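>>> Please work out how this folds:
(chains A and B)
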Amino acid sequence: QQPVQSPQAVILREGEDAVINCSSSKALYSVHWYRQKHGEAPIFLMILLKGGEQKGHDKISASFNEKKQQSSLYLTASQLSYSGTYFCGTVRYSGGGADGLTFGKGTHLIIQP
Amino acid sequence: GAVVSQHPSRVICKSGTSVKIECRSLDFQATTMFWYRQFPKQSLMLMATSNEGSKATYEQGVEKDKFLINHASLTLSTLTVTSAHPEDSSFYICSARALTNYGYTFGSGTRLTVV
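As a prediction, the model looks like this:
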């Protein structure tokens, strides 16, 4: 089942903060966050695991609420390079090793100078 | 870091012909690789899981006879779009995972246009 992302789109000025949410109707074993620029492949940002979280970048962090089956991605002091579409992805099985990702519909982030 | 190479990056083919896309893990072995399809302004949709030495597992609604997957070695998976039609035009991306509990690395994608 596809996770639900919100908001669908965000327009920010450089230096502002943003929060992107990802929720699932099913139990989450891990949540993966990716950023994709137009015409390019998704770039891995970070993974959050059941029972812990892993931070991927300095000003980009994330939280994982297992009980609420939600994850949020936080972008602090946004830079122009942060523009793109952000996807959260989930796996269906607790093992996770041999399972592909089910992605949300994405959040389009536009950073203006 | 884990690198996945995908070729070709762009291909244009005539309707009715077949196209092969290659996905290679360059610095790690991948017993499992994944193939996704992405239509314009949409999300990535998992098509199939490619398993080294065995048959691929296809997601519901994906025609296995149309999208042939071969994973003959620990570093190479191929996706062949057979008898391509214009509606098969899309962005096809492969991915693999170097280590469990780490992120998936994606290839650079293949833009397929069927005319």
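>>> and the residue of chain B found nearest chain A, backbone torsions?
Per CB to the nearest CB, B:G103 is where chain B lies closest to chain A, at 3.6 Å. To be clear about C-beta, it is placed using only N, CA and C from the backbone, and glycine gets the same treatment. The phi/psi pair for B:G103 (degrees, to the nearest 10) reads phi -70, psi 170.
>>> show me the contacts for it.
A:32, A:34, A:44-47, B:97 (CB atoms under 8 Å, 6 or more residues apart in numbering or on different chains).
>>> Narrow these to just the buried residues.
A:32, A:34, A:44-47, B:97 (16 or more other CB atoms under 10 Å in any protein chain shown).
>>> re earlier: just the contacts of B:G103: which are in helices?
Using DSSP state H, no member of the contacts of B:G103 falls within helices.
>>> Got the confidence number for the residue of chain A found nearest chain B?
Nearest residue of chain A to chain B (CB to the nearest CB) works out as A:F44 at 3.6 Å. On the pLDDT scale, A:F44 is placed at 89.
>>> Show me what A:S72 is bridged to.
Beta-bridge partners for A:S72, by DSSP bridges, are A:N21, A:S63.
>>> distance of it from A:K59?
Separation of A:S72 from A:K59 (CB to CB, to the nearest Å): 15 Å.
>>> Would you mind telling me which of those two has more residues around it?
A:S72 (19 against 12; other CB atoms under 10 Å in any protein chain shown).
>>> shouldn't the more buried one be in contact with A:S63?
Yes: if you go by CB atoms under 8 Å, A:S72 and A:S63 touch, sitting 5.1 Å apart.
>>> Pick out the most distant pair among the buried ones among the contacts of B:G103.
A:L45 and B:R97 (15.1 Å; CB to CB).
>>> and chain B, which of its residues are near chain A?
B:6, B:31-32, B:34, B:36, B:42-46, B:49, B:51, B:93, B:95, B:97, B:100-109, B:111 (CB under 8 Å from any CB of the partner chain).
>>> How about the residue lying farthest from the centre of chain A, nearest residue that isn't a chain neighbour?
For chain A, the residue at maximal distance from the C-alpha centroid (CA atoms, centre = their mean) is A:P113, at 23.1 Å. Of all residues not flanking A:P113 in the chain, A:E14 sits nearest, at 5.5 Å (CB to CB, 6 or more residues apart in numbering or on different chains).
>>> Spatially nearest residue to the most centrally placed residue in chain B, not counting backbone neighbours?
Taking CA atoms, centre = their mean, the centroid of chain B lies closest to B:W35, which sits 3.7 Å from it. Nearest non-adjacent residue to B:W35, counting by CB to CB, 6+ apart: B:M47, 4.7 Å away.
>>> now do B:L46
Using CB to CB, 6+ apart, the closest residue to B:L46 is A:G100 (4.2 Å).
>>> near chain B, which residues of chain A?
A:2, A:30, A:32, A:34, A:39-47, A:49, A:87, A:89, A:96-106.
>>> Going through those, which ones are buried?
A:30, A:32, A:34, A:41-42, A:44-47, A:49, A:87, A:89, A:96, A:99-106.
>>> what's near enough to touch B:G16?
Each residue near B:G16 by CB under 8 Å, 6+ apart is listed here: B:83-85.
>>> Reformat the residues you listed as a markdown table; add pLDDT and neighbour count.
A markdown table is the format used below for those (pLDDT from 0 to 100; neighbours: other CB atoms under 10 Å in any protein chain shown):
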| residue | pLDDT | neighbour count |
| --- | --- | --- |
| B:S83 | 97 | 12 |
| B:A84 | 97 | 22 |
| B:H85 | 97 | 11 |
